[in-house]
Each structure stands twice: as C-alpha cells, then as structure tokens.
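Engineer: Sequence and computational prediction follow.
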Amino acid sequence: MAYTQVNITTITRSGVRVDAAGTAGIAGGDGTGLSFSNDGSVYLHLENTSTNTPSVVIKSARTVGGYAVADQTIAMVSSQDQITGRFPTDIFNTSAGLVEMYFSGSNETEVKVLPFKAT
C-alpha cells in the first residue's frame, strides 16, 4: 500500500480550526494509506463526516521476542470527532521516522496531525 504523508498542523496563539472546514486536513477513505512524521509528541484529530462507523488502523512497527506488536485499531463513531495519541516512537515509527495508518469502512474521515509540546 502506498502512503500519502500528512503535514503537521501548526497551532498558533490565535488558534486553528480542526474541523473539516479548517486547514491542512487530508481525507482518508476505505483502503487509503496515510503517514505522518512522529517525534512522540503528536496527536491525531480524526473527524468522521459520515454516518458510517469506519475503523482507523495505526500500524505498529515493533516486534518483541520475534512477535509483532499488534496494530492499534480505532473504531470511529458516526458523525463525531476523536483525538488519539501520543505514539511512542519505539513502537509506531518506521525506520524513516513515520507512523503509517489506513482506513476501512468509510471514505469520509478527515485527519489532522497536531503537535503538543511544552515550550
């Protein structure tokens, strides 16, 4: 599966819209693969804009004792938003420093990657 990289949404003091009408989101649909840069401090804002109940799968890149660590599956609720994260780099990052994710069951999930760091 090919993965399209999602840019990190910059949060400013004046605020940023995180709904579908906001900035920098990418629509994920059935069979769509997305990736994002991860330093361990990012969250995902997932907005389901349909009445379907899709799943979002965050791929694990780690094995322990020869066994693959299970992927994280997020069951979306119809017409609602969810925020999920953080993603420990030793579990979720590929060798390129990216987290890979894909969708099933809907073509109407908006994704934004949000940084949360103490400054």
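Structural biologist: Perfect, thanks for sending it.
Engineer: does the residue nearest the centre of the chain count as helix, strand or coil?
Structural biologist: The centroid of the chain falls nearest to Leu44 when counting by Cα atoms, centre = their mean (4.6 Å). In three-state terms, and counting by DSSP: H, G, I helix; E, B strand; the rest coil, Leu44 is strand.
Engineer: chain center to stretch 41-57: distance?
Structural biologist: Here stretch 41-57 shows a centroid-to-chain-centroid distance of 8 Å under the convention Cα atoms, centre = their mean, to the nearest Å.
Engineer: average pLDDT across it?
Structural biologist: Averaging pLDDT along stretch 41-57 gives 87.
Engineer: List the buried residues in that stretch.
Structural biologist: For stretch 41-57, the buried set under the neighbour-count rule, 16 or more other Cβ atoms under 10 Å, comprises 42, 44-49, 54, 56. Just so you know, the C-beta spots here come from the backbone N, C-alpha and C atoms, and that holds for glycine as well.
Engineer: In CSV, list these along with distance to Gln80.
Structural biologist: Below are those laid out as CSV (distance: Cβ to Cβ, whole Å):
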residue, distance to Gln80
Val42, 21
Leu44, 14
His45, 12
Leu46, 9
Glu47, 8
Asn48, 6
Thr49, 10
Pro54, 11
Val56, 13
